[in-house]
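>>> Sequence first, then the predicted structure:
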Amino acid sequence: MILTRSSVLAVAAVLAVTFSSGQDESVNPGINDSFQNPEPEKFVERFEKEGREVYDNRESIVTHLDLKPGMVVADVGAGTGLFTRLIAPRVGPKGTVYAVDIAKSFVDHTVMSCRVRGMKQVEGIVCAQDDAKLPPNSVDVVFLCDTYHHFEYPAKTMKSIHEALKPDGRLYLLDFERIEGKSSDWILGHVRAGKEVFQGEVEAAGFKLEEELDLFEENYFLRFKKKVN
């Protein structure tokens, strides 16, 4: 169910000051320590396995992105490249997929795994903690899978994503449900906030929620559209 407009506006009002201030301090220091120089092979075993909800539903997720040949897509937080490799055939050889991650080893692994499959439309970008490093006004779709909760500087990062999207660009946010008394202890300890807070932050960054896609038990899947002033 999509959050009510009044509840989201209340959250957005509180967040507006943070998002307009530039956000110079991390909202979750240390969450990305394990991604400073990760070994991709170890994370393939962790990310690309049966039983992980987003892995089990990977084909359905990509189908719901409604991709077309020739599109430019940014897989932000690409990790081991699972979704980059699924997205690339959907946009075809005339499209572009940016595999974006803070870890160079992940980016190199993803690009290499795509090249050996003949996917030359994939380009790697090593981003910063506060900047996705995407070309401005160039991207049709930004995809964030279990990534937003890793943003240490969400205001700045979302500003860079907003600037990278074309005027009619779409943002897909897939992340863990964090509900006290329901979510696992790992999620409660790892994810800093629930859906209502993250949705409010994204809307405060200049996006409008269009739809929540009801596909999961442990995750939620939101589609936003870029708002243009």
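On my side now, so go ahead. Numbers count the residues shown, from 1 in each chain.
>>> Which strand residues bridge the residue nearest the centre of the chain?
By Cα atoms, centre = their mean, the chain has its centre lying nearest to Leu144, at 1.3 Å. Note on Leu144: beta-bridge partners by DSSP bridges are Val76, Leu173.
>>> where are the low-confidence patches of the chain?
Within the chain, the stretches falling below the threshold (pLDDT under 70) are 1-23.
>>> What ranges does it have for its helices?
For the chain, the helices defined by DSSP state H occupy 5-20, 40-47, 53-56, 58-64, 82-91, 104-115, 154-164, 185-190, 195-204.
>>> Any chance of JSON lines for those helices, columns distance to Glu218 and mean neighbour count?
For glycine as for every other residue, the C-beta is placed from the backbone atoms N, C-alpha and C. Listed next are the helices of the chain as JSON lines, based on distance: least, Cβ to Cβ, whole Å; neighbours: other Cβ atoms under 10 Å:
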{"stretch": "helix 5-20", "distance to Glu218": "22", "mean neighbour count": "14"}
{"stretch": "helix 40-47", "distance to Glu218": "15", "mean neighbour count": "14"}
{"stretch": "helix 53-56", "distance to Glu218": "5", "mean neighbour count": "16"}
{"stretch": "helix 58-64", "distance to Glu218": "13", "mean neighbour count": "16"}
{"stretch": "helix 82-91", "distance to Glu218": "17", "mean neighbour count": "22"}
{"stretch": "helix 104-115", "distance to Glu218": "23", "mean neighbour count": "19"}
{"stretch": "helix 154-164", "distance to Glu218": "21", "mean neighbour count": "22"}
{"stretch": "helix 185-190", "distance to Glu218": "8", "mean neighbour count": "12"}
{"stretch": "helix 195-204", "distance to Glu218": "12", "mean neighbour count": "22"}
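>>> what's the spacing between the nearest residue to Ala205 once chain neighbours are set aside and Ile31?
In space, and not counting its chain neighbours, Ala205 is closest to Met158: 3.6 Å by Cβ to Cβ, 6 or more residues apart in numbering. Going from Met158 to Ile31 by Cβ to Cβ, to the nearest Å gives 16 Å.
>>> Glu196 too?
The spacing between Glu196 and Ile31, counted by Cβ to Cβ, is 20 Å.
>>> same deal with Phe216?
22 Å.
>>> swap in Leu65?
Taking Cβ to Cβ as the measure, Leu65 and Ile31 are separated by 26 Å.
>>> If you drop the residues flanking it in sequence, what lies closest to Ser113?
In space, and not counting its chain neighbours, Ser113 is closest to Gly81: 5.3 Å by Cβ to Cβ, 6+ apart.
>>> That neighbour: what's it in contact with?
Applying Cβ atoms under 8 Å, 6 or more residues apart in numbering to Gly81 gives the contacts 75, 99, 106, 109-111, 113-114.
>>> Would you reformat those residues as JSON lines and include distance to Leu174?
Below are these laid out as JSON lines (distance: Cβ to Cβ, whole Å):
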{"residue": "Asp75", "distance to Leu174": "11"}
{"residue": "Ala99", "distance to Leu174": "16"}
{"residue": "Phe106", "distance to Leu174": "18"}
{"residue": "His109", "distance to Leu174": "21"}
{"residue": "Thr110", "distance to Leu174": "18"}
{"residue": "Val111", "distance to Leu174": "22"}
{"residue": "Ser113", "distance to Leu174": "21"}
{"residue": "Cys114", "distance to Leu174": "21"}
